[in-house]
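*Asks:* just coords:
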């Protein structure tokens, strides 16, 4: 039986493992200067949690198969660090996590991902998100995220229907 639950400190190493297993999909796809090994070092993961990223996990048979974070920033909520173990992709894990996180907030949801990660973009579009314009993307990434300029240049932002229906900021 599968469950979705808020991750705890005791899940840290598993979250770290899932992120770095799944992020291998970016190797050779994102700019070479943005790839590192591991993709997300432990200290960076600790910093993200310290900045308010709350991880939720999809658990089956006592094992976490995927994680997705939500971070409330200002008037929006960001989907952060959505990863599913490579061996469990395309089985609905990500969609179930996303549905759970959507239920965690009434704020508009935004998600940033690499522009060349076509699979991630398709996933969010399948779940009702739409790409924002290039100009809005740059403004949003600088307003709500803390990422290097090279990442801003090579990323996209997708927004849920609440964003497009909200009064413009």
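*Replies:* That came through, no problem. Computed from a predicted structure; not experimentally measured. Residues are numbered from 1 along each chain as shown.

*Asks:* show me what the lengthiest strand in the chain is packed against.
*Replies:* For the chain, the longest strand by residue count, based on DSSP state E, is strand 63-73. Contact analysis of strand 63-73 by 3 or more CB pairs under 8 Å, 6 or more residues apart in numbering; DSSP states H and E lists helix 12-22, strand 54-60, strand 76-84, helix 93-102 as its packing neighbours. For every residue, glycine as well, the C-beta is placed using N, CA and C.

*Asks:* okay, the angle between that strand and strand 76-84?
*Replies:* Counting by axes from the mean of the first three to the mean of the last three CA atoms, to 10 degrees, strand 63-73 lies at 160 degrees to strand 76-84.

*Asks:* who touches strand 63-73?
*Replies:* Applying CB atoms under 8 Å, 6 or more residues apart in numbering, the contact partners of strand 63-73 are 7, 11, 14-15, 18-19, 48, 51-59, 77-85, 88, 93-94, 97-98, 100-101, 104-105, 107, 144.

*Asks:* quick one: it to helix 12-22, angle?
*Replies:* Put simply, strand 63-73 runs at 90 degrees to helix 12-22, going by the same axes, to 10 degrees.

*Asks:* quick one on the thing from earlier: what's the most buried one of the helices and strands packed on strand 63-73?
*Replies:* strand 76-84 (a mean of 23; mean count of other CB atoms under 10 Å).

*Asks:* parallel or antiparallel, which strands does that one pair with?
*Replies:* Strand 76-84 sits in its sheet next to strand 63-73 (antiparallel), strand 109-114 (parallel), going by DSSP bridges.

*Asks:* which parts of the longest one are buried?
*Replies:* Looking back up the chat, that one is strand 63-73. By 16 or more other CB atoms under 10 Å, the buried positions in strand 63-73 come out as 64-71, 73.

*Asks:* from these, which two are the most distant?
*Replies:* 65 and 73 (27.1 Å; CB to CB).

*Asks:* circling back to that earlier point, closest to residue 27 out of the strands paired with strand 76-84?
*Replies:* strand 109-114 (11.5 Å).

*Asks:* good, wrapping up.
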